[in-house]
Structure formats: C-alpha cells, structure tokens
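K.L.:
Have a look; sequence and predicted model below, questions after that.
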Amino acid sequence: MNKFLSRIIIAAAVSTLLIFISCTEENITNPPQQETPDYFPHTEGTYYKFEITQSDSSGIIDTGFRTVSYSGDTTIDRTPYRVQIDSTEINQQTTVTESFFRTTETGVFYFVDTTGFSASLPDSLKSLVEIQQEMRAYLFPLEGGSTWTVYRVSIPINEFISFTPINITGRFEADESLLLNMNSGDTTVTTKKVNFEFNLTASPEGSIVTYNANVWLADNIGVVKIEGDAILVSLLTGGGLTVTGSPTVVNQKLIEFKIK
C-alpha cells in the first residue's frame, strides 16, 4: 500500500511540475511585434519624381516636374536635420531648393524659413512676435480623430488677448485607395489622406483668408500626391512660408520613385 501511494504522489508531483512549466512558458511568450508603418522614408539615395500641373480660374497654366532626394545632415540652432533637395522644372526653367527636416516616432518636423513673413511685418510688431522655427508636418500615427497644429504665429495684444495672423492645422481625413499613373505602369495603393488648412488674417479686425491642401501618403512609399492652394503646397514641399502669391492650385502626382 505504501508503494502504491508513493507512486500516486510521484505521478501527481510530475503532473503539477509539467503544468507549472507549461503555464510559465505561456506567460513569458511575447506576442509578435507588429511592423510600424513608414509613411516618410528618407534614407540616403531615396528618390521621388512628381508630375506637376498648376491652374487658375482660367484653367491649366503651367506643367512640369519635381524631383525629391535626401542628401546628408546639417545642424541649425543646435538641432540636427536631414537635408531634402527639391528640383522643380516649370516651363523649361529649373529651380533647386534645400529644406531641412527631422523625424521622431510621433511625426515629421520641418525647419521653417520665415524670412518672407518677417519682412512683411510692420516694425511695431516685429519685437512682439516670437516666430516658431519648426512646423509639424505630420502627426503619427495617422488615425481617426487625429488633428494637430502645424504652425502658428501669435501676437499678444494685451495680458488676456492675442492676435493670430497665421494658423495652420492638419487633420487625418480617411484611408483612401488611389490610382497612380506611374512611368512603370498604373498601380493602386492604399493611402492616408491628410488635410491642411491655412488661416491668414492681416489684423485682429480683418477677415480671414483660408487656403487648403490635401496630401496622400502610402506605407513604405511616402507622399504620392499633393493638391491644393499654391501658398500652402509651397510650405509643405519645403518652399518656405510666404503670405503673398497668385490664387493658383497645384497638383503633384508621383510618377516614379526609388526607396533605398
């Protein structure tokens, strides 16, 4: 009888140990990591080419191409940036510009050249305005209900009231399927559509002028389409902040790219 009981006890102990090991292994198993979408690839050698059309109320007025590449790094006011090179050809005239950006897990930030805006301010206001040197182009993750301040300039009027001549906001609109007419053939991609709104007013009592633009981004590709008012598109594509310009609508569609 003692031998029989001993066998039962040993068997129960072994079963308990196996259950404990099984539970322990199950508890320490980590779930597979999900790959984070990359809506802004910017490795050295990455290249994009866009077809451009510009139009006004009378119709198409200009066509051309824009190429984008990334080359090296720089530091501005102790902040490290990547260098973006844009080459735009319109009516057989080519313009090359550099812009500077940095990325984090939560978004993409561009250094803002505010020279044109600063020059337009009256001397009486220049000493009162603290102009931001960066804009938040995108807020990640891009998901429903996501809104953010892209760029804002505020001028204090008194202790309680401030005047905001420039206020640019971004908003995630929706997932959208988009047909791209690529040089290599037509292809359909799933994109994140982002809307930008630029509210501009010259005085606290003045009317507000609003500019709009939309940007479509695809995972592991980046920006595939930009469409909207020229002033806002210029800012979003590294052209700097300006408050003057003709009422022109710009459409840029990706036709070629290479991700390194």
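P.N.:
Thanks, I have the structure now.
K.L.:
if I look at the residue lying closest to residue 43 once chain neighbours are set aside, how far off is residue 49?
P.N.:
Computed as C-beta to C-beta, 6 or more residues apart in numbering, the closest residue to residue 43 that is not its neighbour in sequence is residue 260, at 4.6 Å. Where C-beta positions appear, they are placed from N, C-alpha and C, glycine not excepted. Distance, residue 260 to residue 49, using C-beta to C-beta, to the nearest Å: 15 Å.
K.L.:
The two: which has the busier surroundings?
P.N.:
Legend: neighbour count by other C-beta atoms under 10 Å for residue 260 and residue 49, higher for residue 49 (18 against 11).
K.L.:
which other residues reach the helix or strand hosting the more buried one?
P.N.:
Residue 49 belongs to strand 47-56 when assigned by DSSP states H and E. Identification of contacts with strand 47-56 by C-beta atoms under 8 Å, 6 or more residues apart in numbering yields 60-69, 88, 90, 222-223, 226, 230, 246-258.
K.L.:
re earlier: in contact with the residue nearest to residue 43, which residues?
P.N.:
By C-beta under 8 Å, 6+ apart, the neighbours of residue 260 are 43, 44, 45, 46.
K.L.:
ok, now residue 173?
P.N.:
Residue 173 touches 193, 194, 195, 214, counting by C-beta under 8 Å, 6+ apart.
K.L.:
hmm, back to that, give me the subset of the contacts of strand 47-56 lying in helices.
P.N.:
residue 230 (DSSP state H).
K.L.:
Among the contacts of strand 47-56, filter down to the buried ones and hand me the ChimeraX syntax, if you would.
P.N.:
Selection of buried members from the contacts of strand 47-56 for ChimeraX, criterion 16 or more other C-beta atoms under 10 Å:
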select :64,65,66,67,68,69,88,222,223,226,230,248,249,250,251,252,253,254,255,257
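K.L.:
In the stretch 101-250 of the chain, mark out all the helices, start to finish.
P.N.:
115-120, 123-126, 230-236 (DSSP state H, counting those that start in this stretch).
K.L.:
Check which helices and strands the last one sits against.
P.N.:
Using 3 or more C-beta pairs under 8 Å, 6 or more residues apart in numbering; DSSP states H and E, the elements in contact with helix 230-236 are strand 185-200, strand 209-218, strand 222-229, strand 249-258.
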